[in-house]
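Asker: Kindly generate the corresponding structure for this input.
(one chain, ligands or ions: 1)
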Amino acid sequence: MIVFDQKSATFTLTGKGVTYAMGVTDGVLEHRYFGASVVDGDLSLYRTEAATSFEARVPGKKSQNQIAVEAPAYGRGDYREPMLVLRGENGETALDLTYTGYRIEKNHALKGLPTCRGGETLVVTLSDAVRGVSVDLFYTVFDDTPAVARAARITNTGKSDLKIQRAYSDALDLPGNGYDLITLYGAWARERTPERIPIRHGVASVDSKRVSSSAPLNPFAALVEHTATENAGRAYGIALLYSSSWKIACEGAQNGSTRLIGGINDFAFSKTLAPGESFDTPEAVFVYSSEGIGGLSRAFHDLARAHIVNPAFADKPRPIVVNNWEATYFDFDYERLFAIIDAAEGTGIDTFVLDDGWFGARVNDSAGLGDWTVNRNKLPEGLTPIIDRCHERGLKFGLWFEPEMVNPDSDLYRAHPDWAIGCPGYEPLLSRRQLVLDVTRKEVRDYLVESVNRVLKENAIDYVKWDSNRNVSDLWSPAADPRDRECFAHAYALGLYDLFDRIVLANPRVFFEGCSGGGSRYDFGMLRYFPQIWTSDDTDAGMRCMIQYGTSYCYPLSAMSCHVSVCPNHQNGRTTPFATRCAVAHLGPTGYELDLSKLPPEEKAQIAEQNALYRRDEDLVLSGDLYRIADPFDVRAFGFLLVAKDKSKAALTLVKLLTLTNAERPLFRLPGLDLSAAYLVEETGATFRGGTLAELGLPLEWRDLHDFDAAVFHFKRV
Ligand code: GLA
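Answerer: Alright, predicted model coming up:
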C-alpha cells in the first residue's frame, strides 16, 4: 500500500510487516525509515539531527551531507558515496535534485530489463532545472512480502549531452554505524560462501567486472546488527535483478548513519544521453527482517517465489532429470544414451537431458560452439531416435545449449569472425577454448534466436539447459555508438535479456534451466527467466552442503538444481554414502548426473523410493520456510529444516560432516514450528511439542552417525 500525506509531505509504503517512509523537506526527498511496520506517528518528525559547522549548504537549509537522501548525487555537499554522478558538456557534476511530483503505477516495467512482478509502484520525480535533468525513482511494494524494489530512470531534459558516470539503482541511509556486512564470495565449484565483516567508517564494497553476476562475488549483501544471529536481530538485505557487472557498497558516515547502494558497476562505465533520451537502471530489491539472517533469507525466498520466478513454474512440481554430463561427458553415441534412458524407466525420473556435445563438430570443448545443428558423425539420425526412446520409456527430453559462445573452430566463427567479442589490435583471450559472441549486436542475436528456436521447433524438446562457460574479456563492440564504448557490459545485459525474451519467453511450454560453468551466473535477473539454476558443477555432497547453505542466504531452494552423482566424486574425489547424496540433492529440484545403467544394483534400487519421497515433500522445497539449523562452515554439521507455510509438516535434513572426537553433543534447536502443536516424527514414532523442539531440539544419537552420514526426519502435526 502506498500513502501520501499531503500535510506532512510524507510517503508511506507498506509491505508485509515492513514500512518504507520518505518525505519532502525544502524540496529534498529525504529518507525517513525502513524497517518493521510502523502504523502510527508522524514520520516527518524523524529527520536526522544535523550538525551544520563546516558543512557546505544553501544558507538556511540543512547540508545534504547530514541528512538521509533518497537519491544522493555528487557535487552539492553530500560527500558520501552518491547514487548518481552525471557529467555535463562542460565537465560539471554538481546536481541538485528537487521534488516535482509523484504518481502510482501498476505493472511497472523498465526498458529491456527484468523487474519483479506485481505490487504497486510509486514513481517520484525529481529534477534539476539548472542541469536539465529529470530522475524518476521507482519504489514497488508487495502486500505479501517484506520487500521494496527500487530503480531509477534518468532523463536528459537539457539541450546538450549528459554523460552518466554512475547510475546506481538506489541509496538507502540506515541509522547507526553498528552493522556487519554479509556477502557471498566463491569460485567455480565453490560458489557463494557467506562472509561477515564489521562495518565502521568508510566504504566497503563487493562487485563484478566480469559482464556476469559471477562466481567470485554474488550481487547480494546484507547489513545486520552486530548482535544479529541466524534467528534474531535486525537485518537488511539488498540483491540485484541484474546479470552483468554490478557493484554493491556501504559506507559508515560521519553523521552516524550507514548508506547502502548498488546497481550497475560504474567501473570503466559511462553512458551518454542526448537531449530527450533516458536511461533505466536495473532493479534492486531490499528486504527487512527482525528475525536475523534466517528471517532475511525467508523474505528473499518469498519475494523470489511470488514476484520473480515465472508463476507458470514457480510452485509446480519440477522435472526430475537424469543428465548425461558426468555419465559420458563428450563421449556418447545412441547406445550409451539409450542405456541411460532405459535404466530411468520406472524410477520416478521423468526427463532425460542431453548435455554438451550433440551439435556441430563437437567431440571435446575445442570445437562446435555456435553451430546449433546436430553432429551427424555422432548422431547420424539426429535427435529423433533419442527423443523417441525417451517417449517410449515415459520420459521427456531436454537439451543443452550455450548460445552466447563460439569456438574459433566452428562454421559460425569461420563465417563471422567479427561476431566474437574482441578489442582491435589484440589477440582475443580464450577461456575454455571459446570466445563470447557480441550479443549487443542485433544481427548476432537474430542468428541465435533463429538457430536455437529452430532446434526447439523441429524437435519435441521439453527442457533446455542454458549454459555460459566463460566471462567476457577485451570489452569492445564495433556496433556501439562511439560515445558509449564504456557501456559495453550493460549493453551485453540488455542483449542477453532480449535473447531471453525471444527464446525463453517465446517458448512458454519449455522449461528452461539456467547454468554458467556451474553456478557462476546466479542472480534474480536470471531467475526471472529460469525457475531454477544449476547450483554448482561441484556435485560432492559435502561441498554441496556448503554451497547450498550459502546460496540459501538469498535464493530459495526451489531455484537450486541439485543432482546425485557417483563416487568417488568427479570434482574432488570424495566418497559419501548414496543416501547422503540423495538427502542433499533433495534440498532443491532434484535429479541425477550419472550413468544409471552402471549404478550398483543396491543404489539403483533406492532411486525409485528416493524419488517417491522427494515428490511427497516437494511442496516443502517449492514453497516451505527454510530454517538453517547447523552451519557447515563450522565443520561439524549441516542442517536445514523446511517448514510448511501452515506449519502442518516439516522435514529436517542433518549431515554429519567431520566427527570431532570426544566432542560435546551439538544441540540442533528447531524453530519455526507451531510451538503449541504436537508433531509426530515419522521415522521414530515419537511425538514432541513444537515448543519442545524449538528449545531442546530433537533427541538423537549423534555419535551413531559417521562422517558424511545424513539423517532425515519428517514431522507431522497431530
Ligand atoms: C558447464 C556446466 C556443466 C556441463 C558442462 C558442459 O560446466 O556447468 O553442467 O553442462 O558445462 O560443457
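Asker: How much space separates whatever residue of the stretch 301-450 of the chain ends up closest to the ligand from residue 367?
Answerer: In the stretch 301-450 of the chain, the residue that lies nearest the ligand is residue 356 (3.4 Å; Cβ to the nearest ligand atom). All C-beta atoms are positioned from the backbone trio N, CA, C, and that covers glycine. According to Cβ to Cβ, to the nearest Å, residue 356 stands 12 Å off from residue 367.
Asker: How many residues are close by the residue of the stretch 301-450 of the chain closest to the ligand?
Answerer: When counting by other Cβ atoms under 10 Å, one arrives at 21 neighbours for residue 356.
Asker: which stretches of the stretch 501-650 of the chain form helices?
Answerer: 524-527, 541-551, 578-585, 601-616, 618-623 (DSSP state H, counting those that start in this stretch).
Asker: Going by mean pLDDT, which of those comes out lowest?
Answerer: Comparing mean pLDDT across the helices of the stretch 501-650 of the chain, the weakest is helix 601-616, with a mean of 93.
Asker: elements contacting that helix?
Answerer: Packed against helix 601-616, as judged by 3 or more Cβ pairs under 8 Å, 6 or more residues apart in numbering; DSSP states H and E, are the following elements: helix 578-585, strand 590-592.
Asker: For the ligand, which of those is the nearest?
Answerer: Nearest to the ligand, of the helices and strands packed on helix 601-616 and by Cβ to the nearest ligand atom, is strand 590-592 at 11.3 Å.
Asker: can you list contacts of the closest one?
Answerer: Strand 590-592 is contacted from outside by 318-323, 349, 351, 353, 561-565, 585, 607, 611, 614, using Cβ atoms under 8 Å, 6 or more residues apart in numbering.
Asker: Buried deepest among the helices and strands packed on helix 601-616, which one?
Answerer: Mean neighbour count (mean count of other Cβ atoms under 10 Å) peaks for strand 590-592 among the helices and strands packed on helix 601-616, with a mean of 28.
Asker: Rounded mean pLDDT for it, please.
Answerer: pLDDT averaged over strand 590-592 gives 98.
Asker: so does it get close to the ligand?
Answerer: No: under the criterion of Cβ under 6 Å from any ligand atom, the ligand is not reached by strand 590-592; the shortest gap measures 11.3 Å.
Asker: What strands flank that strand, and is each parallel or antiparallel?
Answerer: Paired strands of strand 590-592, with direction, are strand 321-323 (parallel), strand 560-564 (parallel) (DSSP bridges).
Asker: Now the last one: buried residues?
Answerer: I take that to be strand 560-564. 560-564 (16 or more other Cβ atoms under 10 Å).
Asker: Help me confirm that the residue of the stretch 301-450 of the chain closest to the ligand is found in a helix?
Answerer: No: going by DSSP: H, G, I helix; E, B strand; the rest coil, the assignment for residue 356 is coil, not a helix.
Asker: That one touches residue 325, doesn't it?
Answerer: Yes: counting by Cβ atoms under 8 Å, residue 356 does reach residue 325; the two are 6.7 Å apart.
Asker: shared neighbours of those two, which are they?
Answerer: residue 400.
Asker: what about stretch 538-557, start to end distance?
Answerer: 17 Å (Cα to Cα, to the nearest Å).
Asker: Close to the ligand: what parts of the stretch 401-550 of the chain are there?
Answerer: 467, 469, 515, 517-518, 534, 537.
Asker: Quick one: residues contacting the closest residue to the ligand within the stretch 151-300 of the chain.
Answerer: Closest to the ligand within the stretch 151-300 of the chain is residue 188: 8.3 Å, counting by Cβ to the nearest ligand atom. Shown in contact with residue 188 (Cβ under 8 Å, 6+ apart): 215, 517-518, 520, 537.
Asker: okay, those in a markdown table with neighbour count and pLDDT next?
Answerer: A markdown table is the format used below for the contacts of residue 188 (neighbours: other Cβ atoms under 10 Å; pLDDT from 0 to 100):
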| residue | neighbour count | pLDDT |
| --- | --- | --- |
| 215 | 26 | 98 |
| 517 | 22 | 97 |
| 518 | 25 | 96 |
| 520 | 29 | 98 |
| 537 | 21 | 98 |
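Asker: From those, which land in strands?
Answerer: Judged by DSSP state E, strands contain none of the contacts of residue 188.
Asker: Nearest to residue 254, out of those residues: which one, please.
Answerer: residue 215 (35.5 Å; Cβ to Cβ).
Asker: got the contact list for that closest one?
Answerer: Taking Cβ under 8 Å, 6+ apart, one finds 186-188, 190-191, 517-520 in contact with residue 215.
Asker: which one of these sits closest to residue 395?
Answerer: Nearest member of the contacts of residue 215 to residue 395, counting by Cβ to Cβ, is residue 518, at 24.6 Å.
Asker: Could you list the low-pLDDT ranges of this protein?
Answerer: For the chain, the stretches flagged by pLDDT under 70 are 48-52.
Asker: Burial check on residue 519, number of neighbours?
Answerer: Counted with other Cβ under 10 Å, residue 519 comes out at 28.
Asker: Which residues are in contact with it?
Answerer: Taking Cβ under 8 Å, 6+ apart as the test, what residue 519 contacts is 191-192, 215, 533-537, 547, 551.
Asker: repeat that with 10 Å
Answerer: Counting by Cβ atoms under 10 Å, 6 or more residues apart in numbering, residue 519 touches 186, 188-192, 215, 218, 533-538, 547-548, 551, 555, 560-561.
Asker: One more: residue 58?
Answerer: 26-27, 64, 76-77, 96.
Asker: Pick out the most distant pair among those.
Answerer: 27 and 77 (14.0 Å).
Asker: Tell me which of the two has more neighbours.
Answerer: residue 77 (17 against 13).
Asker: Leaving out chain neighbours, which residue sits closest to that one?
Answerer: Distances taken as Cβ to Cβ, 6 or more residues apart in numbering put residue 56 closest to residue 77, at 3.9 Å, once the chain neighbours are dropped.
Asker: And residue 544, by the same measure?
Answerer: residue 584 (5.0 Å).
Asker: so that neighbour sits right up against residue 655, yeah?
Answerer: Yes: proximity of residue 584 to residue 655 meets the contact threshold set by Cβ atoms under 10 Å, at 6.6 Å.
Asker: what is in contact with those two at once?
Answerer: By Cβ under 10 Å, 6+ apart, residue 584 and residue 655 have these common neighbours: 541-542, 544-545, 576, 638, 640, 708, 710.
Asker: now, among those residues, which is nearest to residue 452?
Answerer: After measuring these against residue 452 - Cβ to Cβ - the closest member comes out as residue 544, at 30.0 Å.
Asker: ok, now how distant is that closest one from residue 580?
Answerer: 10 Å.
Asker: Neighbouring strands of the helix or strand that contains residue 153 in the sheet, and parallel or not?
Answerer: According to DSSP states H and E, residue 153 maps onto strand 145-156. Using DSSP bridges, strand 145-156 pairs in its sheet with strand 133-142 (antiparallel), strand 278-280 (antiparallel), strand 283-289 (antiparallel).
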